[in-house]
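1. what follows is a protein structure lacking sequence information:
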Ligand code: SF4
């Protein structure tokens, strides 16, 4: 039996987060309020629907039955959509739920199933013509789905979307395919370093946990363009263990590595002084249409949502701020308006982090897509080390 580390475990996503910026990873372990996003929820709906459909049991059904798959797909997506919506709406930090995106979830499931079909002789066959017998044959190549993997020492973990039996033209097994279902934007030509690392991690962890494996290849299955991207490379688990050693929780935050890529969608900016310092020094752009700000509220009219802010200039790495001669007007609506009202009524008077404001001329706009949070640089672990 594997003894699970009482400290921490490295998964492909935590490893990527750590490689992007060690401070981002450190902040992700501080139990800060979670943030939901529509792309992540869409991904969950597609993954969970695919898992549910792959696990359906058709024992007792007529082998020649057709027309059932499209119905089951719709029913499954609708069910998973409602489950995800509830989780999303109960997440403390979130934009508004986009009901119209259910079409994208349906398309994603179509893409994922077509990719699975492409590994069988049923490639390109219409869903309405798939019989129960066909489906059982398709499903027979799925060795496992959503399988949890863990290394012998318990330090490395991963959840594998699909383990597929790789068949040759005569239907004989050539080996296994570790398939990671991707619901985001496909790569232009080759897989990014991040995705490659993730796929090789799954490949090597699978080999370690199943010592009698045949040859194993790794693939990223992109549902949006229905394309499969293969990857190959050296063994990565030694690097993972090196990273694991550095990922131990420390009292003080590790060095950050601010960059457009790592800070772009970082959800921990309200707790990190470094991106703001970097931007002040001109290392990060302040010209994007959607940008973040750290401000002091000069004026706010809660009826109209009009406000005036003064940008707060960073003083040091501890998140200390000082006034600046930059000020701008703002129009605030939707969830951002609710958030700023709540902040003001809580008697909070400190600097404020504005996430994802849309700049238009001299005015900024905040709405359902934005965030208003107290500026709270976190300089010591909230968790016991
Ligand atoms: S905002 Fe940038 S520097 Fe700060 S934790 Fe996030 S990625 Fe790292």
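-> Structure received. If you're wondering where the values come from, they're calculated on a predicted model, not measured in any experiment.
2. center of the protein - which residue?
-> residue 40 (5.2 Å; C-alpha atoms, centre = their mean).
3. next, that residue: secondary structure please.
-> What DSSP: H, G, I helix; E, B strand; the rest coil gives for residue 40 is helix.
4. any idea how far it is from the ligand?
-> According to C-beta to the nearest ligand atom, to the nearest Å, residue 40 and the ligand sit 17 Å apart. No exception for glycine: its C-beta is placed from N, CA and C like everyone else's.
5. and for residue 133?
-> 51 Å.
6. surely that residue and residue 66 touch.
-> No. Using C-beta atoms under 8 Å, residue 133 is not in contact with residue 66, being 10.1 Å away.
7. give me the below-cutoff pLDDT ranges for the stretch 251-385 of the chain.
-> Nowhere does the stretch 251-385 of the chain drop to pLDDT under 70.
8. quick one: name the residues of it near the ligand.
-> By C-beta under 6 Å from any ligand atom, the residues of the stretch 251-385 of the chain that approach the ligand are 256, 258, 262, 263, 266, 268, 269, 272, 274, 275.
9. now the closest residue to the second one other than its chain neighbours: which helix or strand?
-> Distance criterion C-beta to C-beta, 6 or more residues apart in numbering; nearest residue to residue 258, sequence neighbours excluded, is residue 278 at 4.1 Å. Applying DSSP states H and E as the criterion places residue 278 in helix 274-280.
10. list the buried residues in stretch 312-331.
-> By 16 or more other C-beta atoms under 10 Å, the buried positions in stretch 312-331 come out as 312, 313, 314, 319, 321, 328, 330, 331.
11. again, but for stretch 175-194
-> Of the residues in stretch 175-194, 176, 177, 178, 179, 180, 181, 182, 183, 187, 191, 194 count as buried by neighbour count, 16+ other C-beta under 10 Å.
12. so which of the buried residues of stretch 312-331 belong to strands?
-> 312, 313, 314, 321, 328, 330, 331 (DSSP state E).
13. surely the fifth one meets residue 308?
-> Yes. Distance between residue 328 and residue 308: 7.4 Å, which falls inside the contact criterion (C-beta under 8 Å).
14. break the chain into its domains for me.
-> Taking automatic domain parsing as the criterion, the chain consists of the domains 12-241, 260-374.
15. dump these to TSV, plus distance to residue 384.
-> As requested, the domains of the chain are exported to TSV (distance: least, C-beta to C-beta, whole Å):
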stretch	distance to residue 384
domain 12-241	12
domain 260-374	18
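16. residue boundaries of the strands in the protein?
-> Taking DSSP E, the strands of the chain run over residues 142-150, 157-167, 173-182, 216-222, 227-231, 290-300, 306-314, 321-332, 352-360, 363-366, 371-374.
17. which helices and strands does the second one pack with?
-> This means strand 157-167. helix 38-54, strand 142-150, strand 173-182, helix 193-209, strand 216-222 (3 or more C-beta pairs under 8 Å, 6 or more residues apart in numbering; DSSP states H and E).
18. in JSON lines: these, plus mean pLDDT.
-> Listed next are the helices and strands packed on strand 157-167 as JSON lines, based on pLDDT from 0 to 100:
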{"stretch": "helix 38-54", "mean pLDDT": "97"}
{"stretch": "strand 142-150", "mean pLDDT": "96"}
{"stretch": "strand 173-182", "mean pLDDT": "97"}
{"stretch": "helix 193-209", "mean pLDDT": "97"}
{"stretch": "strand 216-222", "mean pLDDT": "98"}
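19. out of the ones you listed, the one nearest residue 356 is which?
-> Ranking the helices and strands packed on strand 157-167 by proximity to residue 356 (C-beta to C-beta) places helix 38-54 first, at 13.0 Å.
20. ok, now how distant is the nearest residue to residue 173 once chain neighbours are set aside from the ligand?
-> Spatial nearest neighbour of residue 173, excluding adjacent residues (C-beta to C-beta, 6+ apart): residue 165 at 5.3 Å. Counting by C-beta to the nearest ligand atom, the gap from residue 165 to the ligand is 40 Å.
21. partners of residue 165 in the sheet?
-> residue 176 (DSSP bridges).
22. for it, what are its contacts?
-> 140, 141, 142, 143, 173, 176, 177 (C-beta atoms under 8 Å, 6 or more residues apart in numbering).
23. ok, now with 10 Å
-> 119-120, 140-143, 171-177, 214 (C-beta atoms under 10 Å, 6 or more residues apart in numbering).
24. again, but for residue 294
-> By C-beta under 10 Å, 6+ apart, the neighbours of residue 294 are 269-270, 273, 275-276, 279-280, 309, 311-314, 319, 321, 351-354, 375.
25. related to what we said a few turns ago, and the strands of the chain: which comes nearest residue 199?
-> When the strands of the chain are compared by C-beta to C-beta, strand 216-222 sits nearest residue 199, at 4.0 Å.
26. for the buried ones among the contacts of residue 165, write the corresponding ChimeraX selection.
-> Typed into ChimeraX, the line below selects the buried ones among the contacts of residue 165, using 16+ other C-beta under 10 Å:
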select :119,120,141,142,176,177
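27. and the contacts of residue 165, which two are furthest apart?
-> Farthest pair in the contacts of residue 165, by C-beta to C-beta: 120 and 214, 18.3 Å.
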